[in-house]
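Visitor: Make a model of this:
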Amino acid sequence: MKVLVVDDSVVFRSQITACLREIPGVQVVGSAANGRIALQKIEQTSVDLVTLDMEMPELDGLATLREIRSRGLKLRSLVFSSHTTKGAEKALQALALGATDVIAKPAGDAQSFERASESIRERLVPKVVQFMDPWLRSVRPPAAGAAAPMPAAPKSAALATVPRKDLQLFRPHVCVIASSTGGPQALEILLRSLPRKPARPILIAQHMPPVFTEILAKRLGEATGLDVREARAEEVLAPGVVRICPGDWHLRLARNAKGEMLTKLAQDPARNSVRPAADYLFESAADEFPGRCLGVVLTGMGEDGAAGARRIRHRDGAVVIQDRESCVVFGMPGAVFAAGDFDAQGTLPELGAILGARLG
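Guide: I've put the predicted structure just below:
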């Protein structure tokens, strides 16, 4: 995989380049101090992935993404954005312009060079690695006449025996959604399919840092016309409201003495290396709404949501997943698929139709 590093800071370019060179199969083909230079290099050499800073002279990250789109250039982009409200807003604009994923840029003046480098490594390397398998498939297609790979078999015969639900007869009382890489765009498409005021509460675990989730909730509300909010502690769960787990907080459900269902926030240890974790939310919802919980697992890296999907189905709920072809990354729904813990899979419009019928 050939990668171009674009950042106006020599220090950040060197840190990012050093991290990328540690990944087997990755070749850093160059660097650029701004988007104008980057576009020239992209036109001159083969590039599969570009890491892109948002704040640069001459041509910034957003303008560069617009140019990449207008020229029809086929490459993935990872955007580095500052950990501020303004940075989060620009990051979500970048995703809307086609950026593949966002990384919160460490504050260089608040960290040592070594700590900043380690922070970049922790955030960057997993996101690059997740693209390696699709990239290898694209450059090494199967030989003529070779059989297509078979879907992964369920890991456990016991899990495979859990009967699949007839979703036309299923009536959930709550819907929980998991998403990561590609999630903001997938969520917008999915939520547009719902009635303006869904009859059931919806809770979303999207892997994003603090501040970013608040801006995401605002943008999704504006784009879909739904009441989308960042979740707060001790809120009574209500129909018609879409809540997003705040960055760096787990979200679970619990009843108070009056029997009301409340949202609870916690900074328990990360699960699947993430906080918020979909598993944390899914398992709580499955236990509080046995037989009445609908889980949805959308595009994203890793396996977050797989354990939660298992809990939902073993508590007589239902799970639907996004299909491989429509995912940016099939990691999260792929883990659920491999375990057999789902009742249906489909494209975002198909999943939207299911949710619209079940939550209307």
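
Visitor: I'd like to know how far the spatially closest residue to Val241 that is not a sequence neighbour sits from Lys197.
Guide: Counting by CB to CB, 6 or more residues apart in numbering, Val241 lies nearest to Asp227, which is 5.1 Å off, once chain neighbours are set aside. Yep, even glycine has a C-beta here, placed from its N, CA and C like the rest. Going from Asp227 to Lys197 by CB to CB, to the nearest Å gives 8 Å.

Visitor: hey, what's in contact with both of the two?
Guide: Contact criterion CB atoms under 8 Å, 6 or more residues apart in numbering; residues shared by Asp227 and Lys197: Gly240.

Visitor: Please say which of those two ends up with more neighbours.
Guide: For Asp227 and Lys197, the more surrounded residue by other CB atoms under 10 Å is Asp227, and the numbers stand at 16 against 12.

Visitor: any idea of the pLDDT on Leu359?
Guide: Note on Leu359: pLDDT of 91.

Visitor: So which residues of the stretch 251-360 of the chain form strands?
Guide: Along the stretch 251-360 of the chain, the stretches classed as strands by DSSP state E, counting those that start in this stretch are 261-266, 293-297, 318-322, 344-346.

Visitor: In the protein, where is pLDDT below threshold?
Guide: 108-111, 133-161 (pLDDT under 70).

Visitor: how about the helices in this structure?
Guide: For the chain, applying DSSP state H gives helices covering 10-20, 35-44, 61-70, 85-96, 113-129, 132-139, 157-160, 183-192, 212-224, 278-288, 306-314, 331-339, 348-359.

Visitor: Let me have these in TSV, adding mean neighbour count and distance to Leu4 as columns.
Guide: Formatted as TSV, the helices of the chain follow (neighbours: other CB atoms under 10 Å; distance: least, CB to CB, whole Å):
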stretch	mean neighbour count	distance to Leu4
helix 10-20	18	10
helix 35-44	18	6
helix 61-70	19	11
helix 85-96	20	16
helix 113-129	16	13
helix 132-139	13	15
helix 157-160	11	43
helix 183-192	22	23
helix 212-224	20	24
helix 278-288	25	32
helix 306-314	24	34
helix 331-339	23	24
helix 348-359	18	30
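
Visitor: Dump the ones you listed into TSV; add distance to Val50 as well.
Guide: Listed next are the helices of the chain as TSV, based on distance: least, CB to CB, whole Å:
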stretch	distance to Val50
helix 10-20	11
helix 35-44	7
helix 61-70	8
helix 85-96	12
helix 113-129	11
helix 132-139	14
helix 157-160	40
helix 183-192	18
helix 212-224	21
helix 278-288	29
helix 306-314	31
helix 331-339	21
helix 348-359	26
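
Visitor: who wins for proximity to Asp248 among those?
Guide: Closest to Asp248 of the helices of the chain, according to CB to CB: helix 212-224, at 8.9 Å.

Visitor: Direction-wise, compare that closest one with helix 183-192 and give the angle.
Guide: 40 degrees (axes from the mean of the first three to the mean of the last three CA atoms, to 10 degrees).

Visitor: Residues in contact with helix 212-224: which ones?
Guide: Here helix 212-224 makes contact (CB under 8 Å, 6+ apart) with 85, 88-89, 91-92, 102, 104, 184, 187-188, 191-192, 194, 206, 208, 226-230, 242, 244-247.

Visitor: so Lys264 makes contact with Leu251?
Guide: Yes: at 7.2 Å, Lys264 counts as touching Leu251 under the criterion of CB atoms under 8 Å.

Visitor: Settle it for me: which of those two has more neighbours?
Guide: Neighbour count, other CB under 10 Å: between Lys264 and Leu251, Leu251 has more, with 26 against 15.

Visitor: Name the nearest residue to the more buried one, sequence neighbours excluded.
Guide: Among residues not flanking Leu251 along the chain, Cys245 sits closest, at 4.2 Å (CB to CB, 6+ apart).

Visitor: do you know how far the one you found is from Pro210?
Guide: According to CB to CB, Cys245 stands 11 Å off from Pro210.

Visitor: between these two, which one's more packed in?
Guide: Neighbours around Cys245 and Pro210, counted as other CB under 10 Å, are more numerous at Cys245. The numbers are 27 against 14.

Visitor: And that one, its phi and psi?
Guide: Dihedral angles phi and psi of Cys245 (degrees, to the nearest 10) take the values phi -60, psi 130.

Visitor: who touches it in this structure?
Guide: Residues near Cys245 by CB under 8 Å, 6+ apart: Leu203, Ile204, Ala205, Gln206, Thr213, Ala231, Leu251, Pro276, Leu281.

Visitor: same check, this time on Gly295
Guide: Per CB under 8 Å, 6+ apart, neighbours of Gly295: 175-178, 282, 285-286, 305, 308-309, 312, 317-320.

Visitor: Equivalent analysis for Gly240, please.
Guide: Contacts of Gly240 (CB under 8 Å, 6+ apart): Lys197, Pro198, Ala199, Pro201, Asp227.

Visitor: mind checking how far it is from Pro195?
Guide: 9 Å.

Visitor: same thing with Cys245?
Guide: Per CB to CB, Cys245 is found 23 Å from Pro195.

Visitor: Could you measure from Ala205 over to Asp7?
Guide: From Ala205 to Asp7 the distance is 30 Å (CB to CB).

Visitor: what do you get for Ala223?
Guide: As judged by CB to CB, Ala223 and Asp7 stand 30 Å apart.

Visitor: same deal with Leu359?
Guide: Using CB to CB, Leu359 is found at 43 Å from Asp7.

Visitor: before we move on, what about Lys105?
Guide: Lys105 is 9 Å from Asp7, by CB to CB.

Visitor: Tell me how many other residues crowd Ser273.
Guide: Per other CB under 10 Å, the neighbour tally for Ser273 reads 12.
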